[in-house]
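*Asks:* Test case, fold it:
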Amino acid sequence: MTKKTGQSCDHTAPADRSLLSAAAGAALLLEKTMSVPDHAVSIELNPVIALDGELFIRRTPLRDRMLRVIEDPVLNTVVIRSVSRWPEHLRSAVRRMSPPQGPSAQGGALDALIDDYVRAVESLLGTIRFAAQVEIRPDGYYANIWDDFVLVSRTHVARLSLSAAD
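*Replies:* Numbers count the residues shown, from 1 in each chain. I've put the predicted structure just below:
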């Protein structure tokens, strides 16, 4: 269950590939915790694109930042104004993905897995300088619930996609 993006993580520099693997491993643990029979959760950080730094954030209009990593029609964008709060938005989105009977890890254990994933993402991308939660209409993709984030650091722009299908 993956979303179509026209780009892939192949844009990631070889030095970052081990960090990408760590983020993928943390995502897999979170997916396994949230998935049960008849309820599959997918967490994907793709594409991850290297940038030329601060100028991208300051000089690039919001719409162009989105189009670097999202090609599906964007219906709505919510900029996370206090960018340091993007993990809280992610935590809320992950909790919305919970299966009807609840995830296999509860409360603090689930929060710890989410925190591990956030640390892995920030180890790969660097400190997040811009974050937005976007509402899209994925073309040819079927899921009950999905949430997408655009994350921009000084060195990378990435799309973080979460989805759940029953």
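
*Asks:* Report the residue spans of this protein with pLDDT below the cut-off.
*Replies:* Scanning the chain for pLDDT under 70 picks out the ranges 1-16, 52-58, 62, 138-143.

*Asks:* where do the strands sit along it?
*Replies:* For the chain, applying DSSP state E gives strands covering 40-50, 74-79, 128-136, 145-153, 156-165.

*Asks:* Point out the other helices and strands that the longest one packs with.
*Replies:* Using 3 or more CB pairs under 8 Å, 6 or more residues apart in numbering; DSSP states H and E as the contact criterion, the secondary-structure elements in contact with strand 40-50 are helix 17-34, helix 62-69, helix 107-125, strand 156-165. Placement of C-beta: from N, CA and C, glycine included.

*Asks:* I'd like those laid out as a markdown table, including mean neighbour count and distance to residue 75.
*Replies:* Supplementary listing: the helices and strands packed on strand 40-50 in a markdown table, determined by neighbours: other CB atoms under 10 Å; distance: least, CB to CB, whole Å:
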| stretch | mean neighbour count | distance to residue 75 |
| --- | --- | --- |
| helix 17-34 | 18 | 24 |
| helix 62-69 | 16 | 11 |
| helix 107-125 | 18 | 24 |
| strand 156-165 | 23 | 15 |
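
*Asks:* Many thanks, have a good one.
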